[in-house]
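Asker: Would you be able to build a 3D model of this:
(one chain, ligands or ions: 2)
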Amino acid sequence: MNEFPQVLTIAGTDSGGGAGVMADLKTMQMRHVFGTAVVVAVTAQNTLGVQDFMAMPPKLVDEQCASLATDLKIRACKTGMLADAEHVHCVVENLKRYDFGPLTVDPVMIAKGGAALLAEDAIATVRDELVPLATVVTPNLPEAEKLTATTITDQAGMVRTGHALQRLGAKNVMIKGGHGDDPAMANDFVLLADGSAFWLAAPRTDTVRTHGTGDTLSACITAELATGHSVADAIKTAKAYVTGTIQETIQVGHGHGPLNHWAALSEAVTVHDA
Ligand SMILES: Nc1ncnc2c1ncn2[C@@H]1O[C@H](COP(=O)(O)OP(=O)(O)O)[C@@H](O)[C@H]1O
Ligand SMILES: Cc1ncc(COP(=O)(O)OP(=O)(O)O)c(N)n1
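Answerer: Numbering: from 1, shown residues only. Ligands and ions are numbered 1, 2, ... in the order given. Prediction:
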C-alpha cells in the first residue's frame, strides 16, 4: 500500500472553525492529504473577533512535534499563528530538529477584527529566524510591510518587497493582495527561487465572509507541495482554491464569516507575467 501524504500545520486554533488549525485541516482534507496539527495557541474566537487566547507551554509544543516525528512521515509543513517570540523560537528549533519537508510560512500577525495574534516584539524573530527557513513565505500586505520595514502603495511596491523578502532568506515569496485598495481585483505577486515572477489575478468578491483566507491559501500550498507539485503549481492551485471558497459563500455567524471549504477550484484566476 502506498504511504498516504501526511502534512502538518503548526498554528493556533479558532473555536469558530473559520481560521487557524481548523481552516488548515479542512483545506488539507479537501486536497486529499492527511492533516496533522501542532497547537501553539488556543483562541476563543468567532466571526465577530478574537475574545481571548492563551499560548501553550513551549514544552508541550516540543512534545507535539516529537510525537509526530517519531511516528508519522510529514511531507510538508506550514506555520500560522505563533503568538510571541518565545513560541516562534521554539517552533524554529523544532523545524531544525526534525525533517517536516518543505515549509510554508504564513506570518500571521493581526486578525481581520484587529486582534494581535503575534506580539509586536516577535516580528523580528519571525524575520530573522523563521523566514530564512521558508520554502514559501505568504505575507499579506501589512505583514510584508512589517517584515521589511517598507510601505507598499502600488504593484511596484509589491515587487520590490517580494525581492526584499527573498533577501531575508525565503526561497519563494507570495505577497497577497487581499488588503489592497483595488475594488475590482484581488491580485497577488509571486516571486520564485529562480528569479522568475508572475501575478495571480482574481475578481474581488464583495463580501465580509473572508475569515481564514490566508490560512486556507497557505494550507493548500502545503498540501500541494506534499503531493509533489512544483512551488509555482502549488501556489496557482491554492489561489484557485481560496478564490472558490470566497466566491461560493456560506452563511455562518454574524460577522466576518468563514469560507466555504467544500468549494471547487475557481476558474476565474488568471496568470500574468510580472
Ligand atoms: N474579497 C476577496 N475576493 C477575492 N479574493 C480575495 C478577497 N480577499 C482576499 N482575497 C484573496 O485571498 C487570499 C488571502 O489574502 P489576504 O486576505 O490578503 O490574506 P490574509 O487572510 O492573510 O489577510 C489572497 O489570494 C487574496 O488575493
Ligand atoms: C488561530 C488563528 N490563526 C490565524 C488567524 C488569521 O487568519 P487569516 O487567514 O489571516 O484570517 P483573518 O483573521 O484575517 O480573517 C486567526 N484569525 N486565528
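
Asker: With just CA atoms, put the helix or strand hosting residue 241 into CSV.
Answerer: Residue 241 is located in helix 231-247, with elements delineated by DSSP states H and E. This file holds the C-alpha atoms of helix 231-247, laid out as CSV (Å, rounded to 0.1, in the frame of the first residue of the first chain):
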residue,chain,number,x,y,z
VAL,A,231,6.0,25.6,-5.9
ALA,A,232,4.5,27.5,-8.9
ASP,A,233,1.8,25.0,-9.4
ALA,A,234,1.1,24.7,-5.7
ILE,A,235,0.6,28.4,-5.4
LYS,A,236,-1.6,28.6,-8.5
THR,A,237,-3.8,25.8,-7.2
ALA,A,238,-4.0,27.5,-3.8
LYS,A,239,-5.2,30.8,-5.4
ALA,A,240,-7.8,28.9,-7.4
TYR,A,241,-9.0,27.1,-4.3
VAL,A,242,-9.2,30.1,-2.0
THR,A,243,-10.9,32.1,-4.7
GLY,A,244,-13.5,29.4,-5.0
THR,A,245,-14.1,29.3,-1.2
ILE,A,246,-14.7,33.1,-1.2
GLN,A,247,-17.0,33.0,-4.3
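
Asker: now that helix: mean pLDDT?
Answerer: Helix 231-247 carries an average pLDDT of 98.

Asker: Just confirm yes or no for that helix near ligand 1.
Answerer: Yes - Helix 231-247 is in contact with ligand 1 by Cβ under 6 Å from any ligand atom, via 239, 242, 243, 246. Just so you know, the C-beta spots here come from the backbone N, C-alpha and C atoms, and that holds for glycine as well.

Asker: From the contact counts, what lies against the longest strand that the chain contains?
Answerer: In the chain, taking DSSP state E as the definition, the longest strand is strand 34-46. Packing partners of strand 34-46 (3 or more Cβ pairs under 8 Å, 6 or more residues apart in numbering; DSSP states H and E): strand 6-14, helix 20-30, strand 49-55, helix 58-69, helix 85-97.

Asker: Report the angle between that strand and strand 6-14.
Answerer: Angle of strand 34-46 versus strand 6-14, following axes from the mean of the first three to the mean of the last three Cα atoms, to 10 degrees, is 10 degrees.

Asker: Once you drop chain neighbours, what's closest to residue 193?
Answerer: Closest residue to residue 193 apart from its sequence neighbours, by Cβ to Cβ, 6 or more residues apart in numbering: residue 171 at 4.4 Å.

Asker: Now do the same contact list for residue 203.
Answerer: The neighbours of residue 203, taking Cβ atoms under 8 Å, 6 or more residues apart in numbering as the test, are 184, 185, 186, 268.

Asker: do residue 89 as well
Answerer: Contacts of residue 89 (Cβ under 8 Å, 6+ apart): 125, 129.

Asker: Residue 130 now?
Answerer: Residue 130 makes contact with 79, 82, 88, 91, 92, 95, 105, 107, according to Cβ under 8 Å, 6+ apart.

Asker: Near ligand 2, which residues of the stretch 51-200 of the chain are found?
Answerer: Of all the residues in the stretch 51-200 of the chain, those lying near ligand 2 are 80, 81, 108, 111, 112, 117, going by Cβ under 6 Å from any ligand atom.

Asker: Save those as TSV, and put in secondary structure too.
Answerer: Formatted as TSV, those follow (DSSP: H, G, I helix; E, B strand; the rest coil):
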residue	secondary structure
80	coil
81	coil
108	coil
111	coil
112	coil
117	coil
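
Asker: For those, name the two members farthest from one another.
Answerer: For these, with distances taken as Cβ to Cβ, the pair at the greatest spread is 80 and 112 (14.2 Å).

Asker: So those two - more neighbours on which side?
Answerer: residue 80 (28 against 20; other Cβ atoms under 10 Å).

Asker: Can you classify residue 264 as helix, strand or coil?
Answerer: Using three-state DSSP, the structure places residue 264 in coil.

Asker: Spatially nearest residue to it, not counting backbone neighbours?
Answerer: Nearest residue to residue 264, sequence neighbours excluded (Cβ to Cβ, 6+ apart): residue 244, at 5.4 Å.

Asker: Does the one you found touch residue 269 like I think?
Answerer: No - the pair residue 244 / residue 269 is not scored as a contact, 9.1 Å apart, by Cβ atoms under 8 Å.

Asker: backbone phi and psi for residue 73, please?
Answerer: phi -110, psi 100 (degrees, to the nearest 10).
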